[in-house]
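1. I would like to see how this sequence folds:
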Amino acid sequence: MENCHCFSNCKGCPASPRSVFNEISQESSQSLAENKIVIHYKKGQTLFHQGTPAFGIYCIGSGKVKLSKVNEAGGETIYLIASEGELIGYQDYILHPEYLTTATVLEDCTACFISNEYLHSFLLNQPGVAIHLLNQRTEAMETASSYGHASLYMSAKNRVASLLFALGTSFGVEKDGKVKIDLRLTRHEMASMIGTASETMIRSLSELKGQGILEQQGNFIFINDMKKLHDLSNSSH
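-> Next up is the predicted model:
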């Protein structure tokens, strides 16, 4: 992990179009740049841990980060995957003095840390950003719900289809008429997102591949038919 103060204007960040800070004034953007810390993380490193004091929030500049919780049995449940331009930790800033999840880097990542102290004063003068934060929180909750909304009455294959459709919608890249899920997740991680066993995930993926709905190329999953996947994700049979 490498730390450095960044004094460049946030508007020059490639992630800016997706950021809640995109529409702030040049003066406010410069102030934000001078009061944040840019941190570079490698895959597998952690931005913050569940249960530790929530000192601030992070804006993802590049890469992807998973937010997960450990249950009483010691198992991991992934609630959200954040990518460029998204904020993490702000849910805890709003409601709790400690982080409710653990943020782990899925691929090399650059994140800007903004302290709670500065963020509080910043939001008092930027009501538009505060509103965007609330909207992003709502969207994050909806996304997390779409990952794990699979009903207990749905078959394992349908639940997996629901997850893959959500991932394809959020992280899909069209390539040669197919949708590539531009995200590297282990079968265990995917299983944790819908509360099922790794063996069930592997079996369901094989079934979907056998139907020609999915295919595997290297470490990536390609969706050949989003409509069929969508139909399966909305079926209880």
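2. quick one, phi psi at Arg187?
-> Backbone geometry at Arg187, expressed as degrees, to the nearest 10, gives phi -60, psi -30.
3. residues near the nearest residue in space to Asn71 that is not next to it in sequence, how many?
-> Nearest residue to Asn71 in three dimensions, chain neighbours excluded: Thr77, at 6.3 Å (C-beta to C-beta, 6 or more residues apart in numbering). (Glycine included, C-beta is placed from N, CA and C.) Here the number of neighbours of Thr77 (other C-beta atoms under 10 Å) works out to 17.
4. Provide the backbone phi and psi angles at Thr77.
-> Torsion angles at Thr77 (phi, psi; degrees, to the nearest 10) stand at phi -120, psi 120.
5. List the beta-bridge partners for it.
-> Here Thr77 sits in beta bridges with Lys69, going by DSSP bridges.
6. ok now do it, which residues does it touch?
-> Applying C-beta atoms under 8 Å, 6 or more residues apart in numbering, we find Thr77 in contact with Ser68, Lys69, Val70, Asn71, Ser192, Met193, Gly195.
7. ditto for Gly61
-> Cys13, Pro14, Ala15, Val38, Glu84, Cys109, Thr110, Ala111, Cys112.
8. Tell me the confidence at the second one?
-> At Pro14, the model reports a pLDDT of 79.
9. what's the spacing between it and Glu84?
-> 7 Å (C-beta to C-beta, to the nearest Å).
10. more crowded one of the two?
-> Neighbours per residue (other C-beta under 10 Å) separate Pro14 from Glu84, with Glu84 holding more: 19 against 11.
11. Which residue, other than its chain neighbours, is closest to that one?
-> Once its chain neighbours are removed from consideration, Glu84 has its nearest residue in Ala15; the separation is 4.0 Å (C-beta to C-beta, 6+ apart).
12. Now that neighbour, what are its backbone angles?
-> Dihedral angles (degrees, to the nearest 10) for Ala15: phi -90, psi 0.
13. wait, doesn't it sit right on Gly85?
-> Yes: Ala15 sits in contact with Gly85 when judged by C-beta atoms under 8 Å, with a separation of 4.0 Å.
14. Quickly find the element holding Ser162.
-> With the criterion set as DSSP states H and E, the secondary-structure element containing Ser162 is helix 156-171.
15. In that helix, which residues are buried?
-> Along helix 156-171, the positions that meet the burial threshold by neighbour count (16 or more other C-beta atoms under 10 Å) are 156-171.
16. Give me the mean pLDDT for whichever helix or strand comes after that helix.
-> Heading C-terminal from helix 156-171, the first helix or strand you meet, by DSSP H and E, is strand 172-175. Along strand 172-175, the predicted local confidence has a mean pLDDT of 90.
17. mind checking how far strand 172-175 is from the chain centre?
-> In terms of C-alpha atoms, centre = their mean, to the nearest Å, the gap separating the centre of strand 172-175 from the centre of its chain is 18 Å.
18. what's in contact with it?
-> Residues from elsewhere that reach strand 172-175 (C-beta under 8 Å, 6+ apart): Val179, Lys180, Ile181, Asp182, Phe222, Ile223, Met226.
19. Dump that strand to CSV, keeping only the CA atoms.
-> What follows is strand 172-175 as a C-alpha-only set of coordinates in CSV (Å, rounded to 0.1, in the frame of the first residue of the first chain):
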residue,chain,number,x,y,z
GLY,A,172,-21.0,-6.2,-18.2
VAL,A,173,-18.9,-5.3,-21.3
GLU,A,174,-20.3,-6.2,-24.7
LYS,A,175,-17.9,-8.1,-26.8
